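**Q** Sharing a model that was predicted from the sequence below.
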Amino acid sequence: MSALERTIIVTGGAGFIGSHVVRRLVNNYPHYHIVNVDALTYAGNLANVADVADAPNYSFVRADITDLEGIRAVFAVHQVDAVIHLAAESHVDRSIDDPLIFVKTNLLGTATMLQVAKESWGPHPQGKLFYHVSTDEVFGSLGELGFFTESTAYDPRSPYSASKAGSDHLVRAWGHTFGLPVVISNCSNNYGPNQFPEKLLPLFINNIKHLKPLPVYGKGVNVRDWLYVEDHARAIDDVLHKGKPGETYNIGGHNEYRNIDLIRLLCKLMDAKLGRPEGTSENLITYVTDRAGHDLRYAIDASKIRNELGWEPSLHFEEGLARTIDWYLENEAWLEGVTSGDYQAYYDKMYGK
Ligand SMILES: Cc1cn([C@H]2C[C@H](O)[C@@H](COP(=O)(O)OP(=O)(O)O[C@H]3O[C@H](CO)[C@@H](O)[C@H](O)[C@H]3O)O2)c(=O)[nH]c1=O
């Protein structure tokens with residue numbers, strides 16, 4: 001690789017959002033070297049990036065972000081210009097079941113990445129960037145009205161969101177104390193290909209396919225703002241290239257759905273796609289005990305990223321949803337592969353099904 005090239009580490013690049021970021025950067029920036037650093041835990045899957053695996057500007061390193069020496073070794077081999085840090089434990093239900101791994105990965109892992117970047121880049125480095133990809137859940141839960149802005153006070157309420165809030169604070173602390181050039185984005189719920197089927201949409205698509213119950217938490221009235229994952233990857237690209245160090249950007253779809261309305265829409269689309277009588281999927285809806293501490297509503301004011309960086313969601317939701325369903329139905333081997341292992345044991349434990 002020539003000295004002109006920019007080397008970018010993407011942590012968690014074999015995961016859901018990370019794989020879309022890796023693909024976008026590898027394909028759109030042939031003069032960048034994209035180094036995917038992933039521990040390949042249960043939700044990391046190299047199949048997610050198989051199409052770019054042989055690209056000349058792509059490398060994969062299996063490493064755990066909590067392993068200081070392992071991460072130092074990555075920085076020793078590559079002249080890193082930027083880090084896009086996506087590696088994280090991300091499932092709220094798992095964080096309720098087993099919080100400590102969230103504290104370890106999301107807090108210690110982020111601190112390790114920051115510390116090695118600082119060691120490697122020295123004080124107040126020029127032309128470097130540590131970009132932390134975070135979540136809107138750090139802001140807590142909204143009532144029926146209002147939106148999260150970049151100045152909304154943090155109020156995380158689950159072990160997952162608290163660990164992400166803490167990691168945002170660590171990033172800002174390394175920026176403030178050590179002059180590390182940092183930027184953060186906080187995004188709403190993503191959907192699309194490659195999402196591990198423990199999250200609402202891929203879980204329900206898979207269950208509908210197999211005519212299994214659809215466990216709706218509580219009354220299904222919680223609201224989420226859905227964004228197609230490729231739109232998020234494009235936002236990350238924009239923040240990487242145009243974002244100002246020290247700033248935070250909220251990213252969202254301006255596309256709020258109550259869970260039950262989204263699930264009914266999914267059921268309708270899937271009945272049609274699978275050629276089943278209307279109502280077949282809706283009959284699978286089963287109301288189950290609510291998630292502990294379940295946040296009622298997330299909604300994002302994404303005007304800053306729109307006004308300052310020119311980013312907007314592009315894909316209409318129903319089209320994105322149809323595309324997503326098609327992907328899971330067409331990629332049977334992927335779905336069978338990821339549901340045959342750890343996920344299945346977890347799901348059985350949670351729901352006894
Ligand atoms: C898995 C599952 C979820 N739900 C509900 C809980 C939520 O209100 C909604 C979406 O749940 P999840 O897919 O787990 O996503 P949620 O808790 O909103 O968090 C997601 O979105 C966040 C961004 O808002 C990300 O930071 C998280 O990593 C990501 O997991 O559906 C059900 O009713 N039944 C289910 O089986």
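**A** Sure, I can see it. Numbering: from 1, shown residues only.

**Q** how about the longest helix anywhere in the chain: buried residues?
**A** Criterion DSSP state H: the longest helix present in the chain is helix 159-178. Neighbour-count burial for helix 159-178, with 16 or more other C-beta atoms under 10 Å as criterion, is recorded at 159-168, 170-172, 174-175, 178. For the C-beta atoms, the positions are set from N, CA and C on the backbone; glycine is no exception.

**Q** Return the member of those nearest to residue 299.
**A** Closest approach to residue 299 among these (C-beta to C-beta): residue 161, at 15.4 Å.

**Q** how near is that closest one to residue 77?
**A** Counting by C-beta to C-beta, to the nearest Å, the gap from residue 161 to residue 77 is 34 Å.

**Q** what's the spatially most distant residue from the centre of the chain in contact with, if anything?
**A** Of all residues in the chain, residue 277 sits farthest from the chain's C-alpha centroid, using C-alpha atoms, centre = their mean; the distance is 34.3 Å. With contacts defined as C-beta atoms under 8 Å, 6 or more residues apart in numbering, the neighbours of residue 277 are residue 271.

**Q** Can I take it that it is in a helix?
**A** No - the assignment for residue 277 (DSSP: H, G, I helix; E, B strand; the rest coil) gives coil, which keeps it out of a helix.

**Q** which bits of the stretch 101-250 of the chain sit near the ligand?
**A** The stretch 101-250 of the chain has residues 135-137, 188-189, 199-200, 203, 215-217, 222, 224 near the ligand, with proximity defined as C-beta under 6 Å from any ligand atom.

**Q** Narrow those to those in strands?
**A** Assigned to strands by DSSP state E, the following of those qualify: 135, 189, 215-217, 224.

**Q** Buried members of the residues you listed into ChimeraX, please.
**A** The following ChimeraX selection, which keeps only the buried ones among these, applies the criterion 16+ other C-beta under 10 Å:
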select :135,189,215,216,217,224
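
**Q** could I get the ones in strands among the residues of the stretch 101-250 of the chain next to the ligand as a markdown table with pLDDT?
**A** As requested, those are arranged in a markdown table below (pLDDT from 0 to 100):
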| residue | pLDDT |
| --- | --- |
| 135 | 98 |
| 189 | 98 |
| 215 | 97 |
| 216 | 98 |
| 217 | 98 |
| 224 | 98 |
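
**Q** Go through the ones in strands among the residues of the stretch 101-250 of the chain next to the ligand and say which is closest to residue 344.
**A** The nearest one, if we look at these relative to residue 344 and count by C-beta to C-beta, is residue 215, at 14.9 Å.

**Q** and the gap between the closest residue to the closest one other than its chain neighbours and residue 218?
**A** Distance criterion C-beta to C-beta, 6 or more residues apart in numbering; nearest residue to residue 215, sequence neighbours excluded, is residue 288 at 4.4 Å. For residue 288, the distance to residue 218 (C-beta to C-beta) stands at 8 Å.

**Q** about what we covered before: quick one: average confidence on the longest helix of the chain?
**A** Taken as a whole, helix 159-178 carries a mean pLDDT of 98.

**Q** list the helices and strands it packs on?
**A** Contact analysis of helix 159-178 by 3 or more C-beta pairs under 8 Å, 6 or more residues apart in numbering; DSSP states H and E lists helix 92-97, helix 100-102, helix 109-121, strand 129-135, strand 182-187 as its packing neighbours.
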